[in-house]
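# I would like the atomic coordinates for the input below:
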Amino acid sequence: MTSIPSTPHNQKRSEGPVPSLVSTLRSDNRDQLISVLTLDPLSNSLPIQDPTNNDTTVKPPSISHKNRLVFASDALRSLLIYHTLPDPTTRSATLLKPKPKTSTRKSIFTHQEEALGLTTINTFGIVGTRILLDNDSLRDSNTENDAPGLMGTGNGTETIYNPSTNKSVFSSSMDDPRDDTDGASVIIYFIHPTPQHIQAVSKVIQETSTSKKSPRGNNPFEHQSSSTPSPSTRIIKHRIVFLPRITVLSKRILTDEQITRRKDVAIHSLDINLIPMEDDVLTCLEMESTIAECYVNETPSEHVTHVAQSLRKVQDICGTIPRVQSYGKAGEMVLERMMALRLEEYDPYDNDSAEDGQEANPEIKAAIILDRMVDLVTPLVTPLTYEGLLDDLVKIDAGIIKVETDIISPPDEETEPSTSTSAAQKRPKYMHLPLNDLDTLYVEVRDQHVEKFGSFLQEQAKIPIFTKNLKSLTNHIHLAEMVKHTTEQSDFRQRWQTERSMVESESCYEIIEDLIASQYPPFRLLRLLCLQSLTSGGIKASKYEPLKREVVQTYGYEYLFVLQNLEKIGLLKKRESIWESTSAFMTMRKQLSLIQADVDPSDPDDISYVSSGYAPISVRIIQTAVKGWTGKEDVLRELPGRGIDVIQRFPPEEFAAAIKHKAGTTLGSWAEQVSPNGGVTKVEDKPVLLVYFVGGLTYAEIASIRFLSRRQSFPYKVIICTTKIINGSSFLQSLQ
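Numbering: from 1, shown residues only. Modelled structure (predicted):
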């Protein structure tokens, strides 16, 4: 019998675990973004936001100037344009509204900008977007990650700065003709407070000023055609917008670059840190360098503060979370900083404060803060869910994928050759597709195993109710065929079998050596090398230096520095003793039951289905934290850092004092205590647990947590926060 999805397209989709949190964040983030877009070019100060104003029906003021927006990365553009700018009250209608097939007016936006929701008619004066930094880091090439779909590379027409040359990239081959004619009078740069971003913006602004004095034709921002006179475009204002805030170091760099002296530059900060990507997934600005800053550069303070402030914002909206656990060094630092911020904000003379030691009825009853370092294995393992495979093969960047148009919309073979050639010239080579909870079919299929989602989509094609959204169904069928084709190839199956052998503590050195000799994609190779090291307690001493030497000789001296960083954070190490027979991973594999070879991917009863038998360590930690650590103390001893369990009391207390109190019960028992009826009978009535990954999490972990959240036996429904959504390759690349 054909199965009917639980959220078909003709029904209203269900809300997330904490609808009020998501809606408030979307409204507040949008208001702050609009305040920058609508600010008068001659003004240097943002209007003061009224936190008590909850009216979401107020329309933004109309503006007469035109804005060109420059983003530090593709991910930041997607977060702000697609996930933040749309009105949350009409989000579904706006983002799902079909695009007109014909138009008498040529669009000024690229296909990617249109996919993000930008139209010629917009009330914010946006005439185009650019990417600030050219992605010049080492990466795999000629692999699935390079085609079709890795975003942020190869976009010469919209990337305006290359850090390797320290110059704006406005060569004749990279000029975007829209820069000549878009008429922008304000350029707004959205960046993070990192030296690289600030120096790039400073260089671009300085070169823009220089180009104004250059002969006609050399100015990338102003243009006067000899054949078609046009009004002179003059940049009145450069706005540098820091997300989530400007730092002392940022101000010093701007001063050293002489940017603060300029009258045509205004500097702002937007208190936007958590952005809802889904109703149950929030990202802290997709900060990709958290682990590198905390453990490679050993400068964790800024990232820890950003995460702690985002948790404080959650509690400002939902109430103080009474029970909080943390695992790993970064998790403890975030918890300590979060409690310090609460103490700083405490007003003993506030008569509205809570009584009896705790605040009344918070929406989120407990939280777990996980350092990515407690589980370095899971990002290296290939996921086998639909969403995880799409990310691993073509890269989902802030909820957007880039794929070849011919994959989504194959050319009609019955079309006449001349007509087909003409159509091919008009259609773009790539398409950008949003993937999120607005597509209820995607919600149904995203966490399914590769063995199930293909047949599931074919079944849905037989159901009449899907004719209303046939395009979505067709898109996912084509994407599923692409994924299925890849997973059936011998190369993919060999990689999965090698990973499985490693997590079962087998040595695969000969396979790694053969892959190096065949010039296997470097970061794919490094994933396997690091996985071998983590699961075996290190690389055998006799193999360690020869393998490193082969990597450098095969892929280039640049990878010597990559290897050093992998060693520094513990992803790669030499096994010190030939007699060492156990490792931290072996202990966890046994006590946390990480391998479940008999799990049924089509009808799973365990989270290990996400990779056909391997359960993510991080999610097993969440399960164990709920059940209690009795009998599994060895696992806690193997984790980097210590496990912390505190109750946030009122009035607030210092972290050092709070950890001296015994929390007592397990999180499972805590769920019963905080439930209105002392027990939970329905999934929708379960209390809410917030899980925050510091350093990123994978789509396999998201699928595992959602699986738990839906289970009647798990006492919480879960909302997920993270600094970034990662996969194995992007995680290793971020450590450069």
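# how long is stretch 604-613 from one end to the other?
10 Å (Cα to Cα, to the nearest Å).
# now what about that stretch, what contacts it?
Here stretch 604-613 makes contact (Cβ atoms under 8 Å, 6 or more residues apart in numbering) with 381-385, 388, 447, 449, 496, 500, 594-601, 614-616, 619-620, 623, 700, 703-704, 707-708. Every C-beta, even on glycine, is put in place using the N, C-alpha and C of the backbone.
# So residue 644, which state does it fall into?
Three-state call for residue 644 (DSSP: H, G, I helix; E, B strand; the rest coil): strand.
# Excluding sequence neighbours, find me the nearest residue to it.
The shortest distance from residue 644 to any non-neighbouring residue, by Cβ to Cβ, 6 or more residues apart in numbering, is to residue 326 (4.5 Å).
# I'd like to know the average pLDDT value across the helix or strand hosting that neighbour.
Assigned by DSSP states H and E, residue 326 falls within strand 323-327. What strand 323-327 shows for mean pLDDT is 98.
# Give me the distance between the nearest residue to residue 300 once chain neighbours are set aside and residue 455.
Once flanking residues are discounted, residue 300 sits nearest to residue 294: 3.9 Å by Cβ to Cβ, 6+ apart. According to Cβ to Cβ, to the nearest Å, residue 294 stands 43 Å off from residue 455.
# Of these two, give the one with the bigger neighbour count.
Per other Cβ atoms under 10 Å, whichever of residue 294 and residue 455 has more neighbours is residue 294, with 25 against 12.
# contacting residues for that one?
Per Cβ under 8 Å, 6+ apart, neighbours of residue 294: 300, 303, 304, 329, 330, 695.
# Tell me which two of the residues you listed sit farthest apart.
Maximum pairwise distance in the contacts of residue 294, criterion Cβ to Cβ, is 12.5 Å, between 303 and 329.
# Just the local confidence number for residue 348, please.
85.
# which SS state does the closest residue to it other than its chain neighbours fall under?
In space, and not counting its chain neighbours, residue 348 is closest to residue 651: 6.8 Å by Cβ to Cβ, 6+ apart. With three-state DSSP as the basis, the three-state label of residue 651 is coil.
# about what we covered before: so which of residue 303 and residue 329 has more stuff around it?
More crowded of residue 303 and residue 329, by other Cβ under 10 Å: residue 303, with 23 against 19.
# list the contacts for the more buried one?
287, 289, 290, 293, 294, 694, 723.
# Do you have the helices of the stretch 501-650 of the chain handy? List them.
Ranges of helices in the stretch 501-650 of the chain, per DSSP state H, counting those that start in this stretch, are 509-517, 522-536, 541-555, 558-569, 584-591, 617-627, 633-638.
# can you redo these as CSV with mean pLDDT?
Below are those laid out as CSV (pLDDT from 0 to 100):
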stretch, mean pLDDT
helix 509-517, 97
helix 522-536, 97
helix 541-555, 96
helix 558-569, 96
helix 584-591, 95
helix 617-627, 98
helix 633-638, 94
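# closest one to residue 193 among those helices?
Among these, if distance is taken as Cβ to Cβ, the winner is helix 558-569, at 22.2 Å.
# Checking residue 735 next. Helix, strand or coil?
Using three-state DSSP, the structure places residue 735 in coil.
# Revised request: answer the last question for residue 365.
strand.
# One more: the one 4 residues further on?
The assignment at residue 369 comes out as strand when based on three-state DSSP.
# what sits against it?
So residue 369 contacts 311, 324, 325, 326, 327, 331, 334, 335, 692, 694 (Cβ under 8 Å, 6+ apart).
# Give me the phi and psi angles of residue 684.
Backbone torsions of residue 684, given as degrees, to the nearest 10, read phi -70, psi -20.
# pLDDT score assigned to the residue nearest to it when sequence neighbours are not counted?
Nearest residue to residue 684, sequence neighbours excluded (Cβ to Cβ, 6+ apart): residue 717, at 7.6 Å. Looking at residue 717, its pLDDT stands at 96.
# What is the burial count for residue 717?
Residue 717, neighbours per other Cβ under 10 Å, totals 21.
# Might one say that it is in contact with residue 17?
Yes: at 4.5 Å, residue 717 counts as touching residue 17 under the criterion of Cβ atoms under 8 Å.
# Give me the common contacts of those two.
With Cβ under 8 Å, 6+ apart as the test, residue 717 and residue 17 both reach 688, 709.
# Distance of the closest residue to residue 589 other than its chain neighbours relative to residue 200?
Leaving aside its sequence neighbours, residue 589 sits nearest to residue 595 (Cβ to Cβ, 6+ apart; 6.3 Å). Taking Cβ to Cβ as the measure, residue 595 falls 46 Å from residue 200.
# Next: residue 656.
Taking Cβ to Cβ, one finds residue 656 at 41 Å from residue 200.
# do the same with residue 405
Taking Cβ to Cβ, one finds residue 405 at 31 Å from residue 200.
# Looking at these two, which has the bigger crowd around it?
Legend: neighbour count by other Cβ under 10 Å for residue 405 and residue 200, higher for residue 200 (24 against 16).
# now the residue nearest to residue 684, which residues is it bridged with?
residue 688 (DSSP bridges).
# one step back: so what pLDDT did the residue nearest to residue 589 get?
96.
# ok, residue 536 - contacts?
Counting by Cβ under 8 Å, 6+ apart, residue 536 has contacts 502, 505, 507, 575, 583, 585.
# if we go to 10 Å?
502, 505, 506, 507, 508, 509, 575, 580, 581, 583, 585, 586 (Cβ atoms under 10 Å, 6 or more residues apart in numbering).
# The fourth one is in contact with residue 539, isn't it?
Same thing as residue 507. Yes: with contact defined as Cβ atoms under 10 Å, residue 507 reaches residue 539; the gap is 9.5 Å.
# before we move on, the earlier item: of the contacts of residue 303, closest to residue 350?
Of the contacts of residue 303, the one sitting nearest to residue 350 (Cβ to Cβ) turns out to be residue 694, at 30.4 Å.
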